[in-house]
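Q: Here's my sequence, what's the structure:
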Amino acid sequence: MSPVAFQCVPASYDNQPCLRLLGSARNTDADALTARIDELSKQVTSVLYVDLSQTRLLDSAALGAIVFQHNRLRSEGKKLVALNPSPTCRHILQITALNRVLEIVDDEAIVVGAPA
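A: Model prediction:
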């Protein structure tokens with residue numbers, strides 16, 4: 001089985017910008033992830049959601065990009081929120097203790113793959 005190519009897809013959640021991460025985010029994807037969050041954060045008034053429901057893997061570089069952006073947004077009085085982490089992502093957030101750093105929102109009303 002070949003790995004799923006990583007994608008960052010702009011969306012919205014709760015009338016706020018959201019970035020859906022699809023596939024496996026690895027070292028080579030960290031710069032693209034940072035750039036997409038930078039791009040969407042210009043639209044953020046208070047919260048930027050990162051939808052992890054369809055994310056298979058976040059490696060240390062991808063986690064670092066998310067934490068960097070979380071800290072940057074916090075310094076601007078905004079926040080980055082992890083939305084519906086997949087079981088694998090939830091486990092990664094727990095073993096790295098990032099579940100204590102990032103706010104995590106679970107919303108069962110969101111249909112996976114539904115357009116924003």
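
Q: With just CA atoms, put stretch 57-72 into CSV.
A: Coordinates of the C-alpha atoms in stretch 57-72 are reproduced here as CSV (Å, rounded to 0.1, in the frame of the first residue of the first chain):
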residue,chain,number,x,y,z
LEU,A,57,0.7,10.7,10.8
LEU,A,58,2.4,13.8,12.2
ASP,A,59,6.2,13.4,12.5
SER,A,60,8.4,15.6,14.7
ALA,A,61,8.9,18.2,11.9
ALA,A,62,5.1,18.6,11.3
LEU,A,63,4.5,18.7,15.1
GLY,A,64,7.2,21.4,15.4
ALA,A,65,5.5,23.4,12.6
ILE,A,66,2.2,23.2,14.4
VAL,A,67,3.7,24.2,17.8
PHE,A,68,5.6,27.1,16.2
GLN,A,69,2.4,28.4,14.6
HIS,A,70,0.4,27.9,17.8
ASN,A,71,3.0,30.0,19.7
ARG,A,72,3.0,32.7,16.9
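
Q: Now do the buried residues in the longest helix along the chain.
A: Taking DSSP state H as the criterion, the chain has its longest helix at helix 60-75. In terms of neighbour count (16 or more other C-beta atoms under 10 Å), helix 60-75 has its buried residues at Ala61, Ala62, Leu63, Ala65, Ile66, Gln69, His70, Leu73. (Glycine included, C-beta is placed from N, CA and C.)

Q: Excluding covalently adjacent residues, which one is nearest to Ser24?
A: Leu57 (3.9 Å; C-beta to C-beta, 6 or more residues apart in numbering).

Q: should've said Gln43
A: Pro17 (4.7 Å).

Q: check which helix or strand covers the one you found.
A: In the assignment (DSSP states H and E), Pro17 maps to strand 16-25.

Q: Show me what that strand is packed against.
A: strand 7-13, helix 30-41, strand 47-51, strand 55-58 (3 or more C-beta pairs under 8 Å, 6 or more residues apart in numbering; DSSP states H and E).

Q: Contacts made by it with the rest, please.
A: 3-12, 33, 36-37, 40-41, 43-59, 62, 83, 116 (C-beta atoms under 8 Å, 6 or more residues apart in numbering).

Q: Show the buried residues in those.
A: 6, 8, 11, 33, 36-37, 40-41, 44, 47-58, 62, 83.
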